[in-house]
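what follows is a predicted protein model with its sequence.
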Protein chains: 2
Amino acid sequence: MNKDLILVVEDDASVRNLITTTLKTNNYKYVTADSGAGAISAAATHNPAIVLLDLGLPDIDGVQVINQIRSWSSMPIVVVSARGDDSDKILALDAGADDYITKPFSVAELLARIRVMQRRINVSGQEESPVFVNGALTIDYAAGCAYLDGEEMRLTPIEYKLLCLLAHNVGKVLTHTYITQKVWGSSWENDIASLRVFMATLRKKLENGSKQEFIQTHVGIGYRMNKVD
Amino acid sequence: MNKDLILVVEDDASVRNLITTTLKTNNYKYVTADSGAGAISAAATHNPAIVLLDLGLPDIDGVQVINQIRSWSSMPIVVVSARGDDSDKILALDAGADDYITKPFSVAELLARIRVMQRRINVSGQEESPVFVNGALTIDYAAGCAYLDGEEMRLTPIEYKLLCLLAHNVGKVLTHTYITQKVWGSSWENDIASLRVFMATLRKKLENGSKQEFIQTHVGIGYRMNKVD
DNA sequence: TCAAATCTTTACACACTTTTTAAGCGGTAT
DNA sequence: ATACCGCTTAAAAAGTGTGTAAAGATTTGA
């Protein structure tokens, strides 16, 4: 799903312009469609976060567009229509639209209602905290800390960054310069001395008596975290 | 959560009657409240599926009611208000309302918008609790106060906000800027100094002799509330 | 209007983190 | 052997972020 992308479906060029310029000035990305068929294919290919849908399209009726999209997606659909009758609203809402604004509409209100939809996306789309496990080592990225045999490790910021970097690339050898670039941002030759020191302390903190070899040196190249157990 | 229960908040008896009879004839269960305070406690005790909220209440402003409820629940809130200004709508929607209908409204449309909310509930459907418990600490979001070992804590508004923010993210590290953004709205570098001071006072108020470490510092990153006991 | 409470700012000491430096170790090639 | 090179490790030095107290500013409530 394209988190910031909004699909604008509107056949009237002037209204479409109003909406798109509004979106642009508020830092939204958007794609447009000016027909029902175009709307459906755009929704499928671009997978937008939100659809702004005019009901009065030249080819298909807007309600059918809603039905089509709802057959495979629950993406938020906000109807923006000139039809203000109750029956139109109810038809669209019951077809699966999430909101209904009648023209002429306030730009500020449209933006507010878009924010409502965005909020909804963020709430529902929460994934559980990603956790990395390798032998006795566990990293809880959301909690921002690492555990060794269940005990929380006391790591300094750089140590933690380093550990995460290695963990993200288990089994791969990371060159000195790659590591320093990722951890320090800019890489200048001399940070390699520091890197060595940090590796030493990390190793010390990781050696849990269980003598698991988490970090392996590759002479002249860099370091690697082994997949253990 | 009471799947079919709707909380109707409205101080005008005639409007309230209109809504409740409409709900009754459409086989919804409902409870009513005629004040902001009543609305908040009813929301907490009955845990309704949907809230229909009038903004013009005798005691508290409706937007504050939204804020209160949102401090612990994401239950759908549909504002039903006589205030039709853009600014009112935007304020309410940004505070956390999910929809906004202006009086006089069409009964059929109200029902349709309720159905939209119901559809949403079936999709997401995760339970929330109006009280948070972590070791000796208890927060009653509906009442807006915190207890330590059963004793009510004397917290200033910002301290309370901070504590709620941490509680909502137990076990997760929150960055300085995230916290300042959530608590102060706009985040500018210098608020971090204030943040430190508040953290200090919060910690002092939380240290119950029982030396539970609720708040943990993550150097260079931010803070985290630990799950204790 | 004043007093009390709350919030912000400032300054400083201190603990912790990071970098630097240097000594020791173990390979490898000359 | 010996000289070299890169790696580890320890310890000192430099640098930073954090906690705390106290004073100043702002808001709240009588």
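That came through fine.

spatially nearest residue to A:Leu57, not counting backbone neighbours?
Nearest in space to A:Leu57, with sequence neighbours left out and distances taken as C-beta to C-beta, 6 or more residues apart in numbering or on different chains, is A:Gly36 at 4.6 Å. Backbone N, C-alpha and C define where each C-beta goes, glycine included.

now for the one you found: which residues touch it?
Applying C-beta atoms under 8 Å, 6 or more residues apart in numbering or on different chains, one finds that A:Gly36 lies in contact with A:Val9, A:Leu57, A:Pro58, A:Asp59, A:Ile60, A:Asp61, A:Gly62, A:Gln64, A:Val65.

now, of those, which are buried?
A:Val9, A:Leu57, A:Ile60, A:Gly62, A:Val65 (16 or more other C-beta atoms under 10 Å in any protein chain shown).

distance of the residue nearest to the third one when sequence neighbours are not counted relative to A:Val51?
With C-beta to C-beta, 6+ apart as the criterion, A:Ile60 has its nearest non-adjacent residue at 3.1 Å, and that residue is A:Gly36. For A:Gly36, the distance to A:Val51 (C-beta to C-beta, to the nearest Å) stands at 12 Å.

intersection of neighbour lists for those two?
Joint contacts of A:Gly36 and A:Val51 (C-beta under 8 Å, 6+ apart) are A:Val9.

which residue would be the closest one in chain A to DNA strand C?
Scanning chain A for proximity to DNA strand C using C-beta to the nearest atom of the strand identifies A:Thr156 as nearest, at 2.9 Å.

correct me if wrong: that residue contacts B:Val219.
Yes - contact criterion C-beta atoms under 8 Å: A:Thr156 and B:Val219 qualify, at 7.0 Å.

out of those two, which sits in the busier spot?
Each of A:Thr156 and B:Val219 has its neighbours counted (other C-beta atoms under 10 Å in any protein chain shown); A:Thr156 has more, 14 against 9.

run through the helices of chain A in chain order.
With DSSP state H, the ranges of helices along chain A come out as A:13-25, A:36-46, A:62-70, A:86-95, A:107-124, A:157-168, A:176-184, A:191-206.

export those helices to JSON lines and tack on mean pLDDT?
Below are the helices of chain A laid out as JSON lines (pLDDT from 0 to 100):
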{"stretch": "helix A:13-25", "mean pLDDT": "95"}
{"stretch": "helix A:36-46", "mean pLDDT": "93"}
{"stretch": "helix A:62-70", "mean pLDDT": "93"}
{"stretch": "helix A:86-95", "mean pLDDT": "95"}
{"stretch": "helix A:107-124", "mean pLDDT": "90"}
{"stretch": "helix A:157-168", "mean pLDDT": "94"}
{"stretch": "helix A:176-184", "mean pLDDT": "90"}
{"stretch": "helix A:191-206", "mean pLDDT": "90"}
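
and which of the contacts of A:Gly36 is nearest DNA strand D?
Nearest to DNA strand D among the contacts of A:Gly36, with distances taken as C-beta to the nearest atom of the strand, is A:Val9, at 45.0 Å.

dump the residue contacts of the closest residue in space to that closest one that isn't next to it in sequence.
In this structure, A:Val9 finds its nearest non-sequential neighbour in A:Ala39, 4.1 Å apart by C-beta to C-beta, 6+ apart. With contacts defined as C-beta under 8 Å, 6+ apart, A:Ala39 is in contact with A:Leu7, A:Val9, A:Ala33, A:Val51, A:Leu53, A:Leu57, A:Val65, A:Ile69.

how near is the last one to A:Val78?
Put plainly, it is A:Ile69. A:Ile69 is 12 Å from A:Val78, by C-beta to C-beta.

and what of the fourth one?
Taking C-beta to C-beta as the measure, A:Val51 falls 7 Å from A:Val78.

compare these two (neighbour count), which wins?
A:Val51 (25 against 19).

ok now the biggest strand by length in chain A, how far from the chain's centre?
Among all segments of chain A classified by DSSP state E, the strand with the greatest residue count is strand A:2-9. Mean-position distance between strand A:2-9 and its chain equals 14 Å (C-alpha atoms, centre = their mean, to the nearest Å).
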